[in-house]
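Q: please work out how this folds:
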Amino acid sequence: MKKLIFLLSFCLILVSRIFSLIIDDFESIYDWRSISDTNATLKISSSTSGYENTKCIKFSYNLTDGGWVLGYRDFSIQNFSYGDTLKFWFYGSGDKNNLEVKLEDADGSVFTKTLTGVTDCGSWTEVKIPFSEFSYGWGGDNTLDKTKIKKISFGVTKNQGGKGYIIIDDVVLYLSTSSIKVLDNFDDLNNPNNFGGTNYTWDSTCTVVYISTDTAESTTGSAEISFDVNAGGYAGFILPLNGADISETTHLSFYVKGLTGNEKFRVKFENDYNWSCEKDIISSYITLTNEWQKVDIPLSEFSSSGIPLLSTETVTMKLNFVFGKDFGTPYSSKIYLDEIKFCIPGAAGSVVKTIDSMDEEVNKLTSWNAFGDAVVKIESASGKNNNAVKLSYDFTSAKDSWAVMERNMNLNFSQYSHICLKYKGQTNNNNFEFKLTDVDGTCYWKKIFNLKPTDNWQEIKIPIKELSYFMKEKDDADKNLDLKNITKIYFVISKPSGSILEENKGDVYFDNLELVVEPEYETSKTYIEKFEVRNNPFSPNSDGVKDKAYFVYKLKDYSNVKLEIYNLRGEKVKVFNEGEKPPSQEITIEWDGRDNDNKILKNGIYIYRFYIKTLDGKEEEIKHIIGIVK
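A: I've put the predicted structure just below:
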């Protein structure tokens with residue numbers, strides 16, 4: 001009885017989804033960026049109100065005076081700068097050969113780390129490689145840009161030789177030491193700042209005093225900046241960096257509050273050589289209130305004419321908090337600052353994000369490929385946690401010297417049928433647009449009109465076949481979407497045509513962006529009068545209970561009949577060539593779970609294709625799934 005209940009439950013799962021893969025669980029939102037229409041605003045932040053009590057991404061938007069806002073992530077590269085270590089699990093067999101790890105950035109700089117004589121470990125071993133231990137190999141500009149990693153590889157080079165394999169699992173970005181450089185916490189209630197520079201204000205309408213009566217996180221001091229730009233122009237508060245090296249940090253972090261809560265200001269970096277870049281804090285990162293809030297701004301967002309902040313000379317660099325009359329009211333007020341620092345967010349000894357769980361079958365999503373004169377094959381295998389990727393090699397020939405498995409960061413959507421996304425929040429019945437861009441800049445989209453507001457998590461499900469051409473992001477792009485090389489994903493919230501809302505703003509939460517396979521199953525056919533599968537799933541273990549599956553059909557005309565069974569890798573494992581069959585008779589094909597070599601197949605999900613061709617050439621087919629549970 002328990003077995004029958006289990007089979008029934010399994011069947012219910014089968015008819016919904018074959019398998020799925022999370023693209024982004026939004027546990028980290030560091031790689032998401034925002035763009036807004038004129039007079040529209042979008043703030044992207046992390047929330048702990050996620051689906052199933054996890055973290056999620058929050059879009060706080062205002063379309064009152066604008067048409068659209070969008071958030072996007074570039075998947076062609078991954079940002080490794082939020083951690084200081086590459087961590088993974090490793091299993092090896094054979095003789096003592098070398099394990100080699102390579103990283104390649106967007107401009108082709110390749111950096112390597114070789115672990116000598118370790119491939120015979122024979123048990124699961126955790127490996128941590130600090131980025132400081134990778135050395136330049138070739139290509140690019142001799143500098144590893146950790147914000148733009150486009151390829152990663154694991155390889156074996158000959159030491160003792162022989163045959164063997166390596167298995168890699170759970171490749172993650174790891175933070176071993178939390179890097180923090182405090183520019184000023186104002187706890188001494190005086191100058192200079194912690195970098196040795198003397199803070200000052202510019203323009204007589206701006207003044208600063210250091211106070212101990214109102215601080216963030218129970219510290220002993222903060223800065224109170226008063227400004228008055230009623231007369232026009234700008235004013236500001238400057239903290240010189242005084243030549244400090246901030247190259248090993250990734251974010252500018254500080255606490256801020258306003259006197260009334262609607263003050264406007266910008267953060268600006270500048271030096272004496274006319275390099276400057278500023279960010280509008282209020283529209284991009286927070287909604288200022290009269291309560292303390294923490295702000296973390298990626299340093300990678302500060303650049304001028306394509307020159308990033310971290311590539312500039314920091315000797316004369318200054319951090320400037322700017323106030324201006326054209327930023328909006330109030331023109332005269334106060335803000336409070338505390339704990340201004342450069343850092344890598346996160347706790348020491350923590351996983352920042354998963355680079356590749358290695359769980360999916362090779363070539364499904366992650367595009368792992370094998371190269372080298374010693375390669376035998378690359379395949380999925382049992383891992384330390386779930387699945388892993390296995391590379392087999394053979395060094396027995398004198399010329400055989402290396403084998404490597406490599407992947408780029410592009411996403412492969414080609415094996416999936418739907419894109420799914422959880423959402424909740426105040427949508428104001430605005431439109432939601434989902435967009436994909438491939439490696440050559442072709443953009444496809446799906447527009448969902450009047451997305452309904454909801455306090456409970458709902459699912460947006462988009463059939464990939466319903467995506468349509470939107471535009472070319474590059475002049476030489478074609479109009480065909482390369483599903484094997486998806487580089488960017490966009491979420492767009494847009495105002496409906498003719499919207500009459502005086503105020504159009506809200507908070508929308510997104511979680512669990514995933515790819516799924518859902519079978520297409522048509523029950524209404526022209527030439528197939530009846531079709532059903534009995535015992536799905538079935539249990540071919542010779543216990544007398546559901547040992548066989550029965551495919552029962554009836555035709556409307558004389559037709560040639562074929563039934564094919566495939567595994568999830570698309571390999572044909574069983575074929576029934578039934579030949580010509582007459583109409584109006586109920587006919588049954590029995591399957592005992594064996595493949596074409598008469599071997600019982602493993603537990604799992606399989607795809608069947610029932611195909612007919614009438615004598616005058618008309619064709620029909622039915623595709624669906626069947627499960628084996630022994």
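
Q: give me the neighbour count for the nearest residue to Ser276 once chain neighbours are set aside.
A: Closest residue to Ser276 apart from its sequence neighbours, by CB to CB, 6 or more residues apart in numbering: Glu270 at 3.8 Å. In short, each C-beta sits where N, CA and C put it, glycine included. Around Glu270 there are 19 other residues, counting by other CB atoms under 10 Å.

Q: tell me what Glu270 is bridged to.
A: Counting by DSSP bridges, Glu270 is bridged to Ser276, Lys318.

Q: which residues touch it?
A: The contact partners of Glu270, by CB atoms under 8 Å, 6 or more residues apart in numbering, come to Ser276, Cys277, Met317, Lys318, Asn320.

Q: so how far is Ile286 from it?
A: Taking CB to CB, to the nearest Å as the measure, Glu270 falls 22 Å from Ile286.

Q: now Ala231
A: Computed as CB to CB, the Ala231 to Ile286 distance reads 27 Å.

Q: give me the more crowded residue out of those two.
A: More crowded of Ala231 and Ile286, by other CB under 10 Å: Ile286, with 15 against 9.

Q: so how far is Asn262 from that one?
A: 12 Å.

Q: what about the stretch 251-400 of the chain, any weak spots by pLDDT?
A: By pLDDT under 70, the weakly predicted segments of the stretch 251-400 of the chain are 273-275, 282-284, 304-315, 361, 363-366.

Q: switch the cut-off to 80
A: Scanning the stretch 251-400 of the chain with the threshold set as pLDDT under 80 gives 272-276, 278-287, 300-301, 303-316, 345-347, 359-367, 398.

Q: where's the residue nearest to Tyr393 when sequence neighbours are not counted, which helix or strand?
A: Excluding its sequence neighbours, the residue lying closest to Tyr393 (CB to CB, 6+ apart) is Ala403, at 3.9 Å. Element membership for Ala403, per DSSP states H and E: strand 402-408.

Q: neighbouring strands for that strand, and are they parallel or not?
A: Paired strands of strand 402-408, with direction, are strand 149-157 (antiparallel), strand 369-371 (antiparallel) (DSSP bridges).

Q: need those strands in CSV (columns: distance to Glu590).
A: Formatted as CSV, those follow (distance: least, CB to CB, whole Å):
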stretch, distance to Glu590
strand 149-157, 45
strand 369-371, 40
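
Q: pick the most deeply packed of those.
A: Ranked by mean neighbour count under mean count of other CB atoms under 10 Å, these are led by strand 149-157, which reaches a mean of 22.

Q: tell me which helix or strand comes right after that one.
A: Per DSSP H and E, the first helix or strand lying C-terminal to strand 149-157 is strand 163-175.

Q: give me the sheet partners of that next one and which way each runs.
A: Strands that pair with strand 163-175, judged by DSSP bridges, come out as strand 85-93 (antiparallel), strand 350-356 (antiparallel), strand 387-394 (antiparallel).

Q: out of the strands paired with strand 402-408, which gets nearest to Val575?
A: Comparison of those against Val575 by CB to CB identifies strand 369-371 as nearest, at 29.4 Å.

Q: list the contacts of that closest one.
A: Outside strand 369-371, the residues that touch it by CB under 8 Å, 6+ apart are Asn363, Lys377, Ile378, Leu391, Ala403, Val404, Met405, Glu406, Arg407.

Q: same deal with stretch 438-450?
A: For stretch 438-450, contacts defined as CB under 8 Å, 6+ apart pick out 76, 410, 429-437, 460, 462, 466-474, 476-483, 485-487, 496.

Q: contacts only, for the residue nearest to Gln293 when sequence neighbours are not counted.
A: Closest residue to Gln293 apart from its sequence neighbours, by CB to CB, 6+ apart: Ile286 at 5.5 Å. Applying CB under 8 Å, 6+ apart, we find Ile286 in contact with Lys43, Val256, Gln293, Val295.

Q: for Gly233, same thing?
A: With contact set as CB under 8 Å, 6+ apart, Gly233 has these partners: Asp203, Gly324, Lys325.
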